[in-house]
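Visitor: structure for the following, please:
(chains A and B)
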Amino acid sequence: MAMSYKQRKLSVALPLGLYEEIKKAPVKMDWTEEEVFGWVISFGVDVIDRVDEIEKELSELTIRKNKLVSELEDVTLDYRRLSSRNAALGYECFETFSRNKTLAIKLTGAKAINRSFKNILKITDDRNEQEDRTDSDMVEKYILNKV
Amino acid sequence: MKRKYPDQITFIVNIPAGVYGRVLNFIKTHELEETGAIQKIISAGLLKLEIDMIKEENASLSGKIGNLWREIKRFIEENSRLEKLCIESQRDSDYIYKRLEILNSENKELKVLVRQQSSADQK
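Guide: Sure, this is the predicted structure:
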């Protein structure tokens, strides 16, 4: 806080309790003790004629703060719940995807063996086009990662 | 800083000349005893300080709540997307598993036939 303008020295006598209360303020607001005393007196002169109004405002602000604290607790709980769910879903998807990759590789192998056996046996492969297309989609999706 | 009485502390504070003048004016107009008047002014000032601090705390709390809401919204959207992806992957998994069962079973039968043909060819 800059106080470069003309200053006057004011002698202040305070009960210890009030003094201690003021001393707490600099820690909270990052001011020096001298600055806080200066500001407290400046603020005090500004509002001394409307203390009732100020007390009412303080009470309303305290109620608002309590509501905000409670809301923050609720929102934090929701956030944590959704964050855990997100991690679980991510893991589940990864696991299923990995399993599907293995299964798709096995499917490719099984189809190749099937074709090979049918060639040996000279069996005409009565292929189901829809099934073939779906099998190819699975291979592209899980082995070639094209989808 | 000195202690005149054990429960009281006296010290000198530098304040702007304008504020000093207003303090003196307050004492004069309200016809109050100086020490009591300054204590009243300080108590009122503390109230104002407290109000400013609570306003800052409330602004900070509102900011934190706002940020969490944004993250919550993002998680809701992402979780919905992941749920769909998981369902789709599980459906694919079931399909491939079923296809593999059919092919493996068919291959088992074909393997027997190939062996039989191979033995017949050798004879």
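Visitor: tell me the helices and strands packed up against the helix or strand bottoming out on mean pLDDT in chain A.
Guide: Lowest by mean pLDDT, DSSP states H and E among the helices and strands of chain A is helix A:16-29, with a mean of 76. Helix A:16-29 is packed against helix A:33-47, strand B:8-16, helix B:34-122, with contacts defined by 3 or more CB pairs under 8 Å, 6 or more residues apart in numbering or on different chains; DSSP states H and E. C-beta here means a position set from N, CA and C on the backbone, and glycine is covered the same way.
Visitor: please work out which of the ones you listed is packed deepest.
Guide: Sort these by mean neighbour count, taking mean count of other CB atoms under 10 Å in any protein chain shown, and helix A:33-47 sits at the top with a mean of 21.
Visitor: now the angle from the least confident helix or strand of chain A to helix A:33-47?
Guide: Orientation check (axes from the mean of the first three to the mean of the last three CA atoms, to 10 degrees): helix A:16-29 against helix A:33-47 gives 110 degrees.
Visitor: contacts for helix A:16-29?
Guide: A:14, A:31-33, A:35-37, A:40, B:7-9, B:39, B:42-43, B:46, B:49, B:53 (CB atoms under 8 Å, 6 or more residues apart in numbering or on different chains).
Visitor: again, but for stretch A:33-53
Guide: A:1, A:3, A:10, A:12, A:22-23, A:25-26, A:29, A:31, A:54, B:11, B:13-16, B:19, B:22-23, B:26, B:38, B:40-49.
Visitor: OK, contacts around the residue of chain B found nearest chain A?
Guide: Of all residues in chain B, B:Gly45 sits closest to chain A, at 3.0 Å by CB to the nearest CB. B:Gly45 is in contact with A:Trp39, A:Val40, A:Ile41, A:Ser42, A:Phe43, A:Gly44, A:Val45, A:Val47, counting by CB under 8 Å, 6+ apart.
Visitor: for chain B, what's the nearest residue on chain A?
Guide: Proximity of chain A to chain B (CB to the nearest CB) peaks at A:Gly44, 3.0 Å away.
Visitor: coming back round to it: mind putting the contacts of B:Gly45 in JSON lines, pLDDT and distance to A:Tyr142 included?
Guide: Formatted as JSON lines, these follow (pLDDT from 0 to 100; distance: CB to CB, whole Å):
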{"residue": "A:Trp39", "pLDDT": "83", "distance to A:Tyr142": "67"}
{"residue": "A:Val40", "pLDDT": "87", "distance to A:Tyr142": "69"}
{"residue": "A:Ile41", "pLDDT": "90", "distance to A:Tyr142": "74"}
{"residue": "A:Ser42", "pLDDT": "88", "distance to A:Tyr142": "71"}
{"residue": "A:Phe43", "pLDDT": "87", "distance to A:Tyr142": "68"}
{"residue": "A:Gly44", "pLDDT": "92", "distance to A:Tyr142": "73"}
{"residue": "A:Val45", "pLDDT": "92", "distance to A:Tyr142": "75"}
{"residue": "A:Val47", "pLDDT": "92", "distance to A:Tyr142": "70"}
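Visitor: between those, which is closest to A:Leu107?
Guide: A:Trp39 (75.9 Å; CB to CB).
Visitor: if I pick residue 113, what's in contact with it?
Guide: Reading this off chain A. B:Leu103, B:Asn107.
Visitor: sorry, I should have been clearer: chain B.
Guide: A:Phe117, A:Leu121.
Visitor: quick one: it and A:Leu82, what's the gap?
Guide: Counting by CB to CB, to the nearest Å, the gap from B:Leu113 to A:Leu82 is 56 Å.
Visitor: what does B:Gly63 give?
Guide: 20 Å.
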